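>>> Have a look at this prediction, sequence included:
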Amino acid sequence: MAGDIHQEDANFPIVIEGLVNRFGDVTVHEGLDLKVRRGEILGVVGGSGTGKSVLMRSIIGLQRPSEGRIDVLGRTITELDLEQGIGVRRRWGVLFQGGALFSTLTVGENVEVPLRKYYPDLDQALRTEIARYKVILTGLPEDAVAKFPSELSGGMKKRAGLARALALDPELLFLDEPTAGLDPIGAAKFDRLTRELKETLGLTVFLITHDLDTLYEICDRVAVIAEKKIIAVGTIPELIATKHPWIEEYFGGPRGRAAHDAHLRSQE
Ligand SMILES: Nc1ncnc2c1ncn2[C@@H]1O[C@H](COP(=O)(O)OP(=O)(O)OP(=O)(O)O)[C@@H](O)[C@H]1O
């Protein structure tokens, strides 16, 4: 039904049923199901090219699925008209792989972009003030507001991208490989920031990552994509108990064991 709006499921802000994504002869997803719980950080893992980014793009309406249904915050995302689309889009924020900042705009101006788009009548002084506040919220120094992306380190760019993702006070936050390219200390700091923001702002976070430390340190549950589906979703001990060969290799390999040991040490 066009513009289907139904009772928002308070417990599951994202519900995906029977998702199929095809590109020509290539089928990336075939009957993928997933429910994201409110208030959780859900890590999404899978081998390269298994369709993690395509999944995220499908949820946020950038990729029209071949089949299936995706409900986000009570709206069936594939069936929204323009106005309904705007209404739901301003309830989420996205940090794309690499940050995707506009290089010709300052950090502050980058953060203002969604505010201009979704709240065009907002007073400029207020827009500037909100952008400044979001920049500081992500742990950047105040003078970063006036800097251009080229003047920032990799970690600072990620934070600036995060500030832009938070511009509209979202309920849902989508992060595509946020710690890729960061050194281990920078990555751990970014993980802590994600966890703190999730807790203070009451966010639900959909987080694509290859970073095993991130999975152990901040994810409440992890969803595994393989064989064109979500083959398992749960806590890391629950996943390991499934005895699926890919999952066993992933968490039981040298990197998986190192992340596990580091996690245990951090708990001591
Ligand atoms: N617009 C498109 N047209 C054709 N094929 C596409 C398109 N977008 C994605 N694909 C294909 O879909 C598959 C899944 O891509 P996707 O980027 O989602 O993988 P991923 O799991 O995020 O990979 P990685 O971990 O390497 O980032 C790939 O084979 C990719 O080539």
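Arrived safely, thanks for sending.

>>> How much space separates residue 121 from the ligand?
Note on residue 121: its distance to the ligand, by C-beta to the nearest ligand atom, to the nearest Å, is 35 Å. Yep, even glycine has a C-beta here, placed from its N, CA and C like the rest.

>>> mind checking which helix or strand that residue is in?
Secondary structure assignment for residue 121, by DSSP states H and E: no helix or strand.

>>> Also the one 5 residues further on?
For residue 126, the enclosing helix or strand under DSSP H and E is helix 124-137.

>>> One more: residue 265?
Here residue 265 sits within helix 254-267, counting by DSSP H and E.

>>> For that helix, name the packing helices and strands.
helix 212-218 (3 or more C-beta pairs under 8 Å, 6 or more residues apart in numbering; DSSP states H and E).

>>> which residues make contact with the helix holding residue 265 from outside it?
212-213, 215-217, 250-251 (C-beta atoms under 8 Å, 6 or more residues apart in numbering).

>>> Among those residues, which one sits closest to the ligand?
residue 250 (12.9 Å; C-beta to the nearest ligand atom).

>>> what number of residues lie near the closest residue to residue 145 other than its chain neighbours?
The shortest distance from residue 145 to any non-neighbouring residue, by C-beta to C-beta, 6 or more residues apart in numbering, is to residue 108 (3.9 Å). Residues within reach of residue 108, counting by other C-beta atoms under 10 Å, total 20.

>>> residues contacting residue 108?
Each residue near residue 108 by C-beta under 8 Å, 6+ apart is listed here: 128, 131-132, 135, 145-146.

>>> repeat for residue 215
By C-beta under 8 Å, 6+ apart, the neighbours of residue 215 are 43, 45, 209, 222, 236, 259.

>>> With secondary structure and pLDDT added, can I get the residues you listed in JSON lines?
JSON lines is the format used below for those (DSSP: H, G, I helix; E, B strand; the rest coil; pLDDT from 0 to 100):
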{"residue": "43", "secondary structure": "strand", "pLDDT": "98"}
{"residue": "45", "secondary structure": "strand", "pLDDT": "96"}
{"residue": "209", "secondary structure": "coil", "pLDDT": "94"}
{"residue": "222", "secondary structure": "strand", "pLDDT": "97"}
{"residue": "236", "secondary structure": "helix", "pLDDT": "93"}
{"residue": "259", "secondary structure": "helix", "pLDDT": "86"}
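
>>> Pick out the most distant pair among the residues you listed.
Farthest apart among these by C-beta to C-beta are 209 and 236. That separation is 12.9 Å.

>>> Looking at the two, which is more packed in?
residue 209 (23 against 20).

>>> Verify the stated contact: the more buried one with residue 44.
Yes. Residue 209 lies in contact with residue 44 (C-beta atoms under 8 Å); the separation is 7.4 Å.

>>> ok, which stretches of the stretch 1-150 of the chain are strands?
Under the criterion DSSP state E, counting those that start in this stretch, the stretch 1-150 of the chain contains strands at 14-23, 26-36, 41-46, 67-72, 75-76, 92-95.
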